[in-house]
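> Prediction below, plus the sequence it came from.
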Protein chains: 2
Amino acid sequence: MNTTPAPAETLSDPDTPFAVVDVHKARRNINRLAARADQLGVALRPHVKTSKSLGVAALLHDGTPCPVTVSTLAEAEAFADGGYTDITYAVGIDPHKLPRVIALLRRGIALRVLLDSRAQAQFVADTAREAAIAIPAQIEIDCDGHRGGLKSDTPELTEIGHILHEAGCLDGVLTHAGESYFAYGAEERRLAAENERGTAVAAAEKLRAAGLPVRTVSVGSTPTAHAAEDLTGVTELRAGNYVFFDLVMAGLGVCGVDDLALSVVVTVIGHRPEYGWILTDGGWMAMSRDRGTAAQAEDQGYGLVTDLAGRLIPQLVMSAASQEHGTLTARAGADLPDLPIGTRLRILPNHACATAAQHQGYHVTDSSPNSTAPAPAIEAFWPRVTGW
Amino acid sequence: MNTTPAPAETLSDPDTPFAVVDVHKARRNINRLAARADQLGVALRPHVKTSKSLGVAALLHDGTPCPVTVSTLAEAEAFADGGYTDITYAVGIDPHKLPRVIALLRRGIALRVLLDSRAQAQFVADTAREAAIAIPAQIEIDCDGHRGGLKSDTPELTEIGHILHEAGCLDGVLTHAGESYFAYGAEERRLAAENERGTAVAAAEKLRAAGLPVRTVSVGSTPTAHAAEDLTGVTELRAGNYVFFDLVMAGLGVCGVDDLALSVVVTVIGHRPEYGWILTDGGWMAMSRDRGTAAQAEDQGYGLVTDLAGRLIPQLVMSAASQEHGTLTARAGADLPDLPIGTRLRILPNHACATAAQHQGYHVTDSSPNSTAPAPAIEAFWPRVTGW
């Protein structure tokens, strides 16, 4: 049969605002970190909390689900349903959530939980005994005072190690260099990475010296993963944001603005020339309220602006947002470009994790050189995992 | 049959974090504004963009769907499916979205669109003629330089009025006193309300003087709706946030902290006494990144903290957030309370619209005096409308 195919959908077609993932850039970001991990001789366990999408996660590997890190049990359950069997749930465990952990373990999922207190360790050990199942647990180590974890030199570390080990639950240690998000400069990030490694390895050695087996020594954050030069003693590297990257990472120098794989398509719906404003239909509901670059040398407002093909419009910035309105203004000294009502633009976000969370999924495009401009084709829609 | 009923679910049961609506407080907030509107002799058209929920909206009326305002066509479609027939879509129209507007009009929904440019008016008029259907349109008026709209004294106003009227599409004018969110003090808000009324009525009179029929004169924002003392010439009052209220509104003095009907239940998952931190499993994914009170006299961080029964723990504030972690700290001079791992708390948000948007729906409780403490019963789950 000689049928004419229906015209393919492009970024000009869905009603705005909507989120777009450029798989060309995502693959480039993924390959870059995979090559670094190979060089460093360490396994990668990507964090899927940024995209929360089986479609995006499939870019990480060639058809075979890889080890992943998750931020919610809803992600763990969805990834287990998608064939992922090796999962670390990297938020301190709430005892109330252990029944769902046990249900995943009974499905054959190698799910690890995280904890940093005797109370949690005792609860995990007691629950494991009652359920007659090992609940693999990692002890969270604090390497930079960012959030949770034990200092590697506290006596509690080995006490918790013993509680877990006696119930067959001790898996290892995990740390996250959260302060590296404020490490401006390659040398500062290299030092943050070395501190992260050193602290995790020191904690592991302390447990081993107490006769406790440590299988996993897990480190990572997107800035340190790209800065580490030596990961001796570390068994795995976690990072998540790097698949999409964002303006915070570009402001740090971890990536370039051209590496950003996530954007939001918006439409011009108004002009206020007396104030120097172009109004769009993409407000904070589409971008999130995240203003991560406000603390950086260059404040990028709610985001940078590109045309529909992804070419930066350097004189513009999204400087304000209400629920369903975005305000674009010109950089100092620049003129507002002429963008009539109905013009579609893309906004590059401050913080990919927060912007992605405002959407139910992603329209997928491919900006590789053989793809078409000015309105890239939509190749797929990849839903996100929602809730907890 | 004499069966024992299954134990009712309470706020102790679902895994955290999750959003809760207290219908007792929501009803009190609803009744307060309804009484004001009655006194002022004006119709109410509540904005459903905060809750985006048919369940919450049903509290607004006694079984008969009332006129509503929406911020997305997805809301308009969901509310039309729920029996609402009188809807204003109060974001400047993107011409690309008119097919969905026409589809709703053809279902018999009285849907009004908003615009503030000749280009939009011409597009609406042309599309209405082609589709042989009136597309009721309101002209957005700028009363305080907050966002979109025309100044009431610009010649464009009557030009746009004529374009719409000739296509049978002119419905009226609409303004929103967005700057009233920064009006600290009752007198300032009263003046903002009077300015909002005066500007909208002046625009309507200008159109009428040009021989154009003006049916709707719509004003509103939560702060001005509670401050207006005279709405002569206005046909309807819009407000949305007031059903839930939030810490921004409490900081302005529009409500008290005890009026907040939306909260997020979280669980204590860690302690860092050396830093003065209690860590919870409710981060910005549960609260949003909104920091609306940062600009107010009292910065409430990411939110205030109550026990599970809703009693304020005045010495605590949620001072920091990462994706799935919240950090609670003591107010200056106060001691950290003893809250063991597993303790459930509720967080009162800065900005109800943004916090609600992080959730797929609401667990519903009722704090009226005859309900039980310390763990209120869950009466229902009300889903939210998502997407655009």
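Thanks, I have it. Residues are numbered from 1 along each chain as shown, chains lettered A, B, ... in the order given.

> Could you see whether chain B lies near the strand or helix carrying A:E194?
Using DSSP states H and E, A:E194 falls within helix A:186-209. No: Helix A:186-209 lies out of reach of chain B by Cβ under 8 Å from any Cβ of the partner chain, never closer than 15.6 Å. Every residue, glycine included, has its C-beta placed from N, CA and C.

> following that helix, which helix or strand shows up next?
Going down the chain from helix A:186-209, the next helix or strand is strand A:216-219, by DSSP H and E.

> Tell me the strands beside that following strand, with direction?
Its sheet considered, strand A:216-219 pairs with strand A:170-175 (parallel), strand A:236-237 (parallel) by DSSP bridges.

> so which of the ones you listed is the most packed in?
Stretch with highest mean neighbour count among the strands paired with strand A:216-219: strand A:170-175 (a mean of 28; mean count of other Cβ atoms under 10 Å in any protein chain shown).

> Could you list the residues in contact with that strand?
Under the contact criterion Cβ atoms under 8 Å, 6 or more residues apart in numbering or on different chains, strand A:170-175 has outside partners A:88, A:90, A:112, A:114, A:136-143, A:149, A:161, A:164, A:196, A:199-200, A:203-204, A:207, A:212-219, A:235, A:238.

> got it, and stretch A:379-388?
By Cβ under 8 Å, 6+ apart, the residues outside stretch A:379-388 that reach it are A:21, A:23, A:51-56, A:72-75, A:78-79, A:356-357, A:359-366, B:15-18, B:286, B:359-360.

> Kindly state the domain boundaries assigned to chain A.
Listed domain ranges for chain A are A:47-239, A:257-383 (source: automatic domain parsing).

> for the closest residue to A:L312 other than its chain neighbours, what are its contacts?
Distance criterion Cβ to Cβ, 6 or more residues apart in numbering or on different chains; nearest residue to A:L312, sequence neighbours excluded, is A:T306 at 5.2 Å. Residues near A:T306 by Cβ under 8 Å, 6+ apart: A:263, A:312-313, A:345-348.

> Can you tell me how far A:T306 is from chain B?
Separation of A:T306 from chain B (Cβ to the nearest Cβ, to the nearest Å): 19 Å.

> cool, A:V20 as well?
Using Cβ to the nearest Cβ, we find A:V20 at a distance of 14 Å from chain B.

> And A:E196, by the same measure?
Here A:E196 is placed at a distance of 16 Å from chain B (Cβ to the nearest Cβ).

> mind checking pLDDT for that residue?
If you check A:E196, the pLDDT there is 97.

> re the thing from before, mind checking which of the contacts of stretch A:379-388 are in strands?
Taking DSSP state E, the ones among the contacts of stretch A:379-388 that sit in strands are A:21, A:361-365, B:18.

> Report the two of those separated the most.
Maximum pairwise distance in those, criterion Cβ to Cβ, is 34.3 Å, between A:T365 and B:F18.

> Looking at these two, which one has more neighbours?
Higher neighbour count among A:T365 and B:F18: A:T365, with 28 against 23, using other Cβ atoms under 10 Å in any protein chain shown.

> For that one, list the residues it contacts.
For A:T365, the contact set (Cβ under 8 Å, 6+ apart) comprises A:11, A:20-23, A:371, A:376-379.
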